[in-house]
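Colleague: Model the following, please.
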Amino acid sequence: MNEFTNFWNLKYNFKETIVEKYEVVFYALVSFLLPFFIAHPQWVIGIIVNLFLTKVAFNFKLKTALPVILFPSLGVLSAGLIFGSNTHFLLYFIPMIWIGNTIYILTYKFTVFKKNINKWISPIISALIKSIVLFAYTLILVYLFTFPKIFLIAMGSLQVVTGIIGGYLGVISVQAIYKNKKKR
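Modeller: Below is the predicted model:
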């Protein structure tokens with residue numbers, strides 16, 4: 001009986017590992033393709049991307065999360081719809097968006113797992129830090145290089161709102177999955 005249980009656990013763990021590997025690929029592909037199907041409102045895409053960022057912060061190392069960090073902004077640029085005639089300016093924001101997404105994940109990991117800050121407060125902290133970095137960069141581009149002011153909202157207050165809502169949805173989904181796994 002014990003050998004059967006060990007075999008079953010090994011089989012279950014293997015399936016779970018395979019599913020986790022494809023989970024990141026799924027998030028990355030959905031993040032990339034979203035702008036092709038949902039161009040507006042932009043906040044919907046932002047919430048979904050931040051949901052995925054929160055989930056990978058909970059479950060994966062940073063290097064595993066790289067596709068989820070990189071693909072959303074590439075999808076927005078490829079679709080060319082969200083900022084209309086200003087989409088070409090997005091090229092200058094992409095590296096900073098990647099940095100912002102990385103900051104979101106690292107801040108979330110640090111606050112939850114290192115500092116034991118409440119998982120409901122951590123999305124607020126992560127979203128604020130990410131948006132401060134993006135907004136500061138955007139201020140420089142808008143006032144020194146005369147980029148369109150529309151980016152101030154997109155890289156400022158919108159980042160805070162989508163980061164917090166997406167983070168909360170990520171926490172809720174992780175809790176639901178964890179409770180489901182505990183029942184097995």
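
Colleague: so where do the helices sit in the chain?
Modeller: 2-37, 42-59, 62-79, 90-109, 122-145, 150-154, 157-183 (DSSP state H).

Colleague: For the fourth one, list every residue counted as buried.
Modeller: It refers to helix 90-109. Judged by neighbour count using 16 or more other CB atoms under 10 Å, the buried positions of helix 90-109 are 90, 93, 96-98, 100-109. Where C-beta positions appear, they are placed from N, C-alpha and C, glycine not excepted.

Colleague: Where is pLDDT lowest across those?
Modeller: Across the set of the buried residues of helix 90-109, residue 90 stands lowest in pLDDT, at 90.

Colleague: my read: that residue touches residue 79, true?
Modeller: No - shown here, residue 90 and residue 79 do not form a contact pair, counting by CB atoms under 8 Å, at 10.4 Å.

Colleague: so can I have a markdown table of the helices of the chain showing distance to residue 115?
Modeller: Below are those laid out as a markdown table (distance: least, CB to CB, whole Å):
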| stretch | distance to residue 115 |
| --- | --- |
| helix 2-37 | 25 |
| helix 42-59 | 14 |
| helix 62-79 | 17 |
| helix 90-109 | 10 |
| helix 122-145 | 9 |
| helix 150-154 | 30 |
| helix 157-183 | 16 |
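
Colleague: do you know which of the ones you listed lies nearest residue 116?
Modeller: Nearest of the helices of the chain to residue 116, taken as CB to CB: helix 122-145 at 10.0 Å.

Colleague: The nearest residue to residue 28 once chain neighbours are set aside and residue 144, how far apart?
Modeller: With sequence-adjacent residues excluded and distances taken as CB to CB, 6 or more residues apart in numbering, residue 28 is closest to residue 67, at 3.5 Å. Distance check for residue 67 against residue 144: by CB to CB, to the nearest Å, it reads 32 Å.

Colleague: Show me which of the two is the more surrounded one.
Modeller: Ranked by neighbour count (other CB atoms under 10 Å), residue 67 and residue 144 place residue 67 first, with 18 against 8.

Colleague: middle-most residue in the protein, spatially?
Modeller: residue 53 (2.5 Å; CA atoms, centre = their mean).

Colleague: ok, the residue lying closest to residue 76 once chain neighbours are set aside - how many residues close by?
Modeller: Spatially, and ignoring its direct neighbours in sequence, residue 76 is nearest to residue 35 (4.7 Å; CB to CB, 6+ apart). Using other CB under 10 Å, residue 35 has 23 neighbouring residues.
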